[in-house]
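Asks: All I have is the shape, not the residue letters:
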């Protein structure tokens, strides 16, 4: 369990996070979302004691990170996969971490196997690819067999097989009752991995909900309609004077209908003898819902 209450962090004259409160429950993968500069990295740094809050509290398993007697056994974190001495091998890096908590070489061997690094365990980290570095960062996070995982962009640089492996790994860890916090900008992957999402915008929580509830909360009926009688069918729909119905023309004999379901469109077409070439509901995606919510919370906007 991770709990933040009134969490605030000020750097100079900039407030990175402002009175943020949330609970991250065990047994599920929680996605941590937000535009660049929203405060996600700051929150994660506060969780693991790399920064001190200006106000409020954040606890892991009911304690401040600094008060944990064996931090690696409670919390595994991947915040910067590049934070490894390039002259060390993957094995020696993990052994050095293990020595701080009395973790055995057997466990080092296990996480090397688990992350697919056994074949390169004795190579210097400076020669690792981005994806291999990410795997080593995940291995470091898993080393203490922690109950809480905090992972910032863990799939960055991984190939498709690696992305699938991380997805299955996180789902498995959550199924064991662990608390898993995942930050990523890849909405398609987050949609397949997360059970719950917390969204930050300009340092404040703008959404905190189960992922399906978050997606459906901003969902509006949209249907692609293609028919050789597009103009007449559109006129019929607009003649109903239903304020919820809005039409957007498409390039090829059709339009996109908002505010009316595919079933209702099909019924009207049948009743009035319109031939339909396509009637396709458009499902709102996590990316759609996220962009709609954060549109006014983006700090950096390209011209």
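Replies: Yep, that arrived. These numbers come from a predicted model, not from an experiment. Numbers count the residues shown, from 1 in each chain.

Asks: Only C-alpha atoms from now on, for both contacts and neighbour counts.
Replies: Noted.

Asks: Show me what the lowest-mean-pLDDT helix or strand in the chain packs onto, helices and strands only.
Replies: One helix or strand of the chain scores below all others by mean pLDDT, DSSP states H and E: helix 286-294, with a mean of 80. With contacts taken as 3 or more C-alpha pairs under 8 Å, 6 or more residues apart in numbering; DSSP states H and E, helix 286-294 sits against helix 187-193, helix 211-217.

Asks: Including mean neighbour count and distance to residue 227, could those helices go into TSV?
Replies: Output for those, formatted as TSV (neighbours: other C-alpha atoms under 10 Å; distance: least, C-alpha to C-alpha, whole Å):
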stretch	mean neighbour count	distance to residue 227
helix 187-193	17	31
helix 211-217	16	28
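
Asks: Is it possible to get a markdown table of those that adds distance to residue 69 and mean pLDDT?
Replies: Output for the helices and strands packed on helix 286-294, formatted as a markdown table (distance: least, C-alpha to C-alpha, whole Å; pLDDT from 0 to 100):
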| stretch | distance to residue 69 | mean pLDDT |
| --- | --- | --- |
| helix 187-193 | 31 | 89 |
| helix 211-217 | 34 | 82 |
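
Asks: Scan this structure for its longest helix.
Replies: helix 160-175 (DSSP state H).

Asks: Flag every buried residue along it.
Replies: Applying a neighbour-count criterion of 16 or more other C-alpha atoms under 10 Å, one finds 162-163, 165-167, 170-171, 173-174 buried in helix 160-175.

Asks: Residue 234 in helix, strand or coil?
Replies: At residue 234, secondary structure determined by DSSP: H, G, I helix; E, B strand; the rest coil is helix.

Asks: residue contacts, it?
Replies: If a contact means C-alpha atoms under 8 Å, 6 or more residues apart in numbering, then residue 234 has 247, 255 as its contacts.

Asks: cool, residue 25 as well?
Replies: Per C-alpha under 8 Å, 6+ apart, neighbours of residue 25: 1-2, 179.

Asks: if we go to 10 Å?
Replies: By C-alpha atoms under 10 Å, 6 or more residues apart in numbering, the residues touching residue 25 are 1-3, 148, 174, 177-181, 196.

Asks: what comes into contact with stretch 157-164?
Replies: 115-116, 129-135, 154-156, 165-169, 189, 193.

Asks: now the stretch 101-250 of the chain, which segments are flagged as low pLDDT?
Replies: Applying pLDDT under 70 to the stretch 101-250 of the chain flags residues 218-221.

Asks: I'd like the helices and strands packed on helix 286-294 laid out as JSON lines, including distance to residue 202.
Replies: Shown next, in JSON lines, are these (distance: least, C-alpha to C-alpha, whole Å):
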{"stretch": "helix 187-193", "distance to residue 202": "19"}
{"stretch": "helix 211-217", "distance to residue 202": "19"}
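
Asks: Minimum distance to residue 23: which of these has it?
Replies: If you check each of those against residue 23 by C-alpha to C-alpha, helix 211-217 wins as the nearest, at 15.0 Å.

Asks: what packs against the closest one?
Replies: helix 187-193, strand 196-201, strand 204-210, helix 286-294 (3 or more C-alpha pairs under 10 Å, 6 or more residues apart in numbering; DSSP states H and E).
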